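Enquirer: Mind folding the following:
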Amino acid sequence: MIVKKTAFVALMLVVLALTLTAPAFAQPKIIFDTDFGGDADDLGALVMLHNLHNRGECELLAIMSWSTEEYVIPAMDGVNRYYGNPDVPMGIRHRDAHHLDWNYNRPIADALPHERTNDDVPLAVDLYRQILAQQDDQSVTVVTVGPLRNIEDLLRSEPDEHSSLPGKELVEEKVEKFVIMGGHFPEGTNEWNFNGNMPGVTQYVLEELPVPVVFSGYEIGSQIQTGAAFNEIDPENPLYVGYKHFSEYAPWMRDRYEGEILDNASYDQTAVLYAVRGGLGVYWDKVEDGYCVADENGDNRWVEGDNGDHAYLVLREDPDEIARLILDIKLDEF
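Expert: Below you'll find the predicted structure:
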């Protein structure tokens, strides 16, 4: 009896040790809002979400495209199918398509099997309302890694067949928080996601969002470089296809291109990493006790004051260590 009891206690101690040392992740429900096809960090962030979704660390509820580039939905559909998630709903801001040769959307669409086009998915604002109406209260994390027009459209939306609530009230009821990649902190000018050639959009969204917001600013992702490692992976992998085209043809990359994929800033991946794994006190610290304001052009500054709804991240871990972590998630090397 003593031997059995001793063995049982030893077993419980082992279980307790494993429990204490294993990483503990909640399973946030994520809506991902992206300007996919321009900077390769959107591709990296989407791949991260698929791998984290497949491992049970998050639930990818939907993907919303700010971009209306001709091949954006075919490209994202191809990525979704490559990672085994063909049924993830997608929405698009509007259907007046354009084409940009330097975008990596067409190369990915050409390389990967896909079935959906820009005309086959609902408008983002309609899909937002549908998805949010189906969720438990305060259960959704919205991760935005592009300009915020889809969010403005949602906040301004009227009641419909999915919910009797107007957009702002629907967000307040269903969304736990927003994680926004955008701006410079504590202040800055002309950051793309806050400007987006759409005067007034960021200003409106930051003033009207009725739920907590955590910002991952330009200054964080610019220090964290990933991409060159993809020279060594399967050329049919969407990371290889997208980053290769981006390195060769993106206006701010091609002057440095010498035949191989280049490292690139990991802006959007930081927002995904925080949204899914948190990491406060390990990867980054969080500045609170204030709020972010933006002007008509999206230039932003942090205002100190008693406001619990806004916070921004400050990098704590060595950028190279965060880069290795992000790379491991993108390549599913856990």
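Enquirer: show me where the protein has strands.
Expert: Secondary structure of the chain, counting by DSSP state E: strands at 29-34, 59-65, 90-92, 140-144, 175-181, 187-188, 213-216, 225-226, 264-265, 284-287, 290-294, 300-304, 310-315.
Enquirer: Same list (the ones you listed) but as CSV, adding mean neighbour count and mean pLDDT.
Expert: All C-beta atoms are positioned from the backbone trio N, CA, C, and that covers glycine. Converted to CSV, the strands of the chain look like this (neighbours: other C-beta atoms under 10 Å; pLDDT from 0 to 100):
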stretch, mean neighbour count, mean pLDDT
strand 29-34, 25, 98
strand 59-65, 23, 98
strand 90-92, 24, 98
strand 140-144, 26, 98
strand 175-181, 24, 98
strand 187-188, 16, 96
strand 213-216, 24, 98
strand 225-226, 21, 98
strand 264-265, 20, 98
strand 284-287, 17, 97
strand 290-294, 20, 96
strand 300-304, 18, 96
strand 310-315, 22, 98
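Enquirer: Reformat those as JSON lines; add distance to residue 121.
Expert: Below are the strands of the chain laid out as JSON lines (distance: least, C-beta to C-beta, whole Å):
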{"stretch": "strand 29-34", "distance to residue 121": "14"}
{"stretch": "strand 59-65", "distance to residue 121": "8"}
{"stretch": "strand 90-92", "distance to residue 121": "5"}
{"stretch": "strand 140-144", "distance to residue 121": "18"}
{"stretch": "strand 175-181", "distance to residue 121": "21"}
{"stretch": "strand 187-188", "distance to residue 121": "33"}
{"stretch": "strand 213-216", "distance to residue 121": "27"}
{"stretch": "strand 225-226", "distance to residue 121": "29"}
{"stretch": "strand 264-265", "distance to residue 121": "27"}
{"stretch": "strand 284-287", "distance to residue 121": "34"}
{"stretch": "strand 290-294", "distance to residue 121": "29"}
{"stretch": "strand 300-304", "distance to residue 121": "31"}
{"stretch": "strand 310-315", "distance to residue 121": "31"}
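Enquirer: Residue 26 versus residue 305, what's the distance?
Expert: Using C-beta to C-beta, to the nearest Å, residue 305 is found at 29 Å from residue 26.
Enquirer: out of everything not next to it in sequence, what's closest to residue 135?
Expert: residue 174 (5.2 Å; C-beta to C-beta, 6 or more residues apart in numbering).
Enquirer: what about that neighbour, how many neighbours?
Expert: 24 (other C-beta atoms under 10 Å).
Enquirer: is it true that residue 77 touches residue 105?
Expert: No. Counting by C-beta atoms under 8 Å, residue 77 stays clear of residue 105, with 10.7 Å between them.
Enquirer: what residues are up against the closest residue to residue 310 other than its chain neighbours?
Expert: Residue nearest to residue 310 in three dimensions, not counting chain neighbours: residue 291, with 4.1 Å by C-beta to C-beta, 6+ apart. For residue 291, the contact set (C-beta atoms under 8 Å, 6 or more residues apart in numbering) comprises 302, 303, 305, 307, 309, 310.
Enquirer: Could you save these as JSON lines and add columns showing distance to residue 96?
Expert: Converted to JSON lines, the contacts of residue 291 look like this (distance: C-beta to C-beta, whole Å):
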{"residue": "302", "distance to residue 96": "36"}
{"residue": "303", "distance to residue 96": "37"}
{"residue": "305", "distance to residue 96": "41"}
{"residue": "307", "distance to residue 96": "38"}
{"residue": "309", "distance to residue 96": "34"}
{"residue": "310", "distance to residue 96": "33"}
